[in-house]
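Chemist: Sequence and predicted structure, then a few things I'm wondering about:
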Amino acid sequence: MVASLAAGTSSVNGCDASSPILVFYAAALSSILRDHEAQKQSASERERDERTEYDYIVVGGGAAGSVLAARLSEDPATKVLLLEKGGHEAPEARVPGLMINNIGSAMSELYKAVPEPQNCNGTGCLLNVAAVLGGGSTINGMVFVRGSDVDFDTWANLTGDDRWSYRNVLPYFKKSEDNLDFAVNWDRRFHGHGGPQKVSWESYRHPAMTPLAAALNKLGLPYRRDVNGRAQLGQTIAQSTQVDGERWSTYRSYLEPVVAERSNLRVETFAIARKVLLEETVAGLQAVGVKYENAGGQVIEVRASKEVIVSAGALNSPQLLLLSGIGPSKHLKTLGVPVVADLPVGEGLEDHTGVLGIRYKCGPPLCAFDWETRQEDLRQYKSSREGALAATNMMQLMAFFRSKLAKPGTGHQPDLQLLFFGTTQTEEIGPLCLAGDSWRVNRVIVGVSLLRPESKGWVRLNASDPHGTPLVNLNFFGDDQGHDLATTVEGLRVAVRMEEPLRNTGLTLDTTSNPQCADFPMGSDDFLRCVARTTTTTAWHWTGTCRMGRDDDSSAVVDSQLRVRGVRGLRVADASVMPTIPSGNTFAATIMVAEVAADLIRRGE
Ligand SMILES: Cc1cc2nc3c(=O)[nH]c(=O)nc-3n(C[C@H](O)[C@H](O)[C@H](O)COP(=O)(O)OP(=O)(O)OC[C@H]3O[C@@H](n4cnc5c(N)ncnc54)[C@H](O)[C@@H]3O)c2cc1C
């Protein structure tokens, strides 16, 4: 949900990444993060070691791909190649308070979804797609929420494979985790300590979080310390994939510590996979390698003696399969791509429909955004990695609850999430261009994320440029019954109801903030529907485009062991295989999927 926020902010200000103030911050922070540059160089050395045949080729070094490359190369006898479209993270990506600046940076690509009248103000949602080692985990909001146990039991039902039940995926969540907060990690039934992925609470709490949390409490959403433990409903301060004020992407957590010392692992950056190489063998169709374009523009073919694993994310994994002739035959034929396997690749896209809903004004002392305060933030972060720059604003605060429309029989699975985003309305603070300095703000947006959407979209090749940005139809609020819009309106109603308990706290409802909806009485159903339709945003939680399922499930692309149906030696392992979207932010579940996949592959299953 954050990128549209950033886009909205900068359009108000006319500020861009070359703003002198942003350049100043970036330079100051880069100088204190020089150690990371040294590590980067040693990683690059590894990249010079070139072969043309490997046991495994992993396409995409994102959240899942970094985990897979690290786990598969643990065996020194196994040769692994990781191909990543982007490069290494920028040093400032590690600074939580600069998270918004990742969006629109060289670490991501901007896609525009197909415009639809019922969402995103009719203009097509903007999607920032990671293109960097660590993928989404390098640029995301770092919120670490696994989802509900009901989600994974549903996966087991849908796939007919109990390995995806909550009971059986929990050990993989724990295996991946290095949970550093004793108040949570003491409970070893739910948490791991010593795994690669660092997780802890941000050290800084934005002052506005205190009245917001009290208001949620008064509205019947009590505090829950650990939403990744026994139960999820309630408000929480979520843990984050950072420690001591620095982000830990999956690349940094899993791969960076080992890449220099493993001669059996090669990480090639700025390498764009164009096609999975397939051959007809006596045993059937077999993936034998990958054709890719390297940083110099050369087209290279590499062979995989065992498997090709596609981990290019839920928008690009389907693109690569489609380019390889694996997909719906009707779609491929219209593009003139020879069909090798007729599968519903790209269908069933799910995301948490986001709405950047109701705004509250936030003045001093809760929200200070003057130049001196910012300078002090910078000094503090440089000296101790603490203070406002050590936090993603107030994004750790959130609430999970069930609406009146929640599906019966789904127990304690939430269908709505409330989130809080700070933003800056700069006409109030003068000509100084402060956009993008997202850790100091004067507005709080109470946003809604629809956790159990009925509407599904799709990803397809763009006929005019199949290798370019794929076509993405999010289909937000596109379900026939209107369930998604009605549920979202329920969430927005809670955001409006917060006005009463927030009175006299320094947070006041900004009645001017949704001018497109000014024809409707503030807070009415018509007003809230209008807010939902005009401030819609992706939550960046794309899943389900290569979903797993039973052998007789015509919507499944991969089986429950993540093997592409009808093609030997080819798996998909990333967020795209999820058969339904988890009821929480999707990164933790993606790591779990990659851990399960690595085990399956290593056991030869
Ligand atoms: C802005 C943003 C904010 C988010 N905030 C949160 C959050 O706070 N908490 C949370 O839980 N989740 C969050 N998410 C979602 C989370 O990051 C994703 O669910 C997760 O990263 C998905 O992992 P993946 O491995 O499927 O894909 P990715 O992490 O996107 O990795 C795919 C990788 O494949 C590479 N690639 C693509 N095509 C090719 C190709 N042809 N050849 C080679 N490489 C290729 C890409 O460069 C990328 O590195 C956010 C995502 C974004 C983008």
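Modeler: Great, that's in hand.
Chemist: Low-confidence bits of this structure, can you list those?
Modeler: Low-confidence regions of the chain, defined by pLDDT under 70, span residues 1-50, 426-437.
Chemist: Check it for the residue nearest the ligand and tell me.
Modeler: Per Cβ to the nearest ligand atom, residue 62 is where the chain lies closest to the ligand, at 1.8 Å. For every residue, glycine as well, the C-beta is placed using N, CA and C.
Chemist: The stretch 501-605 of the chain against the ligand: which residues are in contact?
Modeler: 540, 541, 574, 575, 585, 586, 587, 588, 590 (Cβ under 6 Å from any ligand atom).
Chemist: Do stretch 285-294 and the ligand come into contact?
Modeler: No - under the criterion of Cβ under 6 Å from any ligand atom, the ligand is not reached by stretch 285-294; the shortest gap measures 6.5 Å.
Chemist: which residues make contact with that stretch from outside it?
Modeler: Under the criterion Cβ atoms under 8 Å, 6 or more residues apart in numbering, residues 57, 59, 83, 268, 270-280, 299-304, 307-308, 340-341, 564, 566-570 lie in contact with stretch 285-294.
Chemist: how about the helices of the stretch 1-150 of the chain, start to end?
Modeler: Ranges of helices in the stretch 1-150 of the chain, per DSSP state H, counting those that start in this stretch, are 2-13, 20-32, 34-47, 63-72, 99-102, 136-139, 149-159.
Chemist: So what's the residue count around residue 596?
Modeler: Close neighbours of residue 596, defined as other Cβ atoms under 10 Å, add up to 21.
Chemist: Oh, that last question was meant for residue 52, not what I typed.
Modeler: The local packing count at residue 52 equals 10, with neighbours defined by other Cβ under 10 Å.
Chemist: just to revisit the earlier point, out of the residues of the stretch 501-605 of the chain next to the ligand, grab the one that's most surrounded.
Modeler: residue 574 (33 neighbours).
Chemist: quick one, strands of the stretch 351-500 of the chain?
Modeler: 353-362, 397-401, 416-423, 443-450, 457-460, 471-473 (DSSP state E, counting those that start in this stretch).
Chemist: In JSON lines, list those strands along with distance to the ligand and mean neighbour count.
Modeler: What follows is the strands of the stretch 351-500 of the chain, written out as JSON lines (distance: least, Cβ to the nearest ligand atom, whole Å; neighbours: other Cβ atoms under 10 Å):
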{"stretch": "strand 353-362", "distance to the ligand": "11", "mean neighbour count": "26"}
{"stretch": "strand 397-401", "distance to the ligand": "10", "mean neighbour count": "25"}
{"stretch": "strand 416-423", "distance to the ligand": "9", "mean neighbour count": "24"}
{"stretch": "strand 443-450", "distance to the ligand": "11", "mean neighbour count": "27"}
{"stretch": "strand 457-460", "distance to the ligand": "12", "mean neighbour count": "24"}
{"stretch": "strand 471-473", "distance to the ligand": "13", "mean neighbour count": "22"}
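Chemist: Quick check: which of those strands is nearest to residue 228?
Modeler: strand 397-401 (11.3 Å; Cβ to Cβ).
Chemist: what lines up beside that closest one in the sheet?
Modeler: The pairing partners recorded for strand 397-401 under DSSP bridges are strand 234-237 (antiparallel), strand 416-423 (antiparallel).
Chemist: can these go into a markdown table with extra columns for distance to residue 293?
Modeler: Output for the strands paired with strand 397-401, formatted as a markdown table (distance: least, Cβ to Cβ, whole Å):
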| stretch | distance to residue 293 |
| --- | --- |
| strand 234-237 | 44 |
| strand 416-423 | 37 |
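Chemist: Residue 341 pairs with what?
Modeler: Applying DSSP bridges to residue 341, the residues it is bridged with are residue 326.
Chemist: do the lengthiest strand in the chain and the ligand meet?
Modeler: Across the chain, the strand with the greatest residue count (assigned by DSSP state E) is strand 299-310. No - judged by Cβ under 6 Å from any ligand atom, strand 299-310 makes no contact with the ligand; its nearest approach is 8.8 Å.
Chemist: Report the strands that pair with that strand, each with its relative direction.
Modeler: Strand partners for strand 299-310, identified by DSSP bridges, are recorded as strand 53-59 (parallel), strand 284-293 (antiparallel), strand 570-572 (parallel).
Chemist: Deepest in the core, which of those is it.
Modeler: For those, the stretch with the most neighbours on average is strand 570-572, a mean of 28; neighbours defined as mean count of other Cβ atoms under 10 Å.
Chemist: following that one, which helix or strand comes up?
Modeler: Scanning the chain past strand 570-572 towards its C-terminal end, the next helix or strand to appear is helix 587-602 (assignment: DSSP states H and E).
Chemist: rewinding a little: mark which of the contacts of stretch 285-294 are buried, thanks.
Modeler: Among these, those classed as buried by 16 or more other Cβ atoms under 10 Å are 57, 59, 83, 268, 270-278, 300, 302, 304, 307-308, 340-341, 564, 567-570.
Chemist: What sits closest to residue 422 if chain neighbours are left out?
Modeler: Leaving aside its chain neighbours, residue 422 sits nearest to residue 441 (3.3 Å; criterion: Cβ to Cβ, 6 or more residues apart in numbering).
Chemist: which residues touch the one you found?
Modeler: Applying Cβ under 8 Å, 6+ apart, the residues contacting residue 441 are 362, 367, 369, 393, 422, 423, 424.
Chemist: Give me every residue in the stretch 251-400 of the chain lying close to the ligand.
Modeler: Along the stretch 251-400 of the chain, the residues adjacent to the ligand under the rule Cβ under 6 Å from any ligand atom are 272, 273, 311, 312, 313, 314, 316, 320.
Chemist: I'd say the fifth one and residue 137 touch.
Modeler: If I follow you right, that is residue 313. No - here residue 313 lies out of contact with residue 137, judged by Cβ atoms under 8 Å, at a distance of 11.1 Å.
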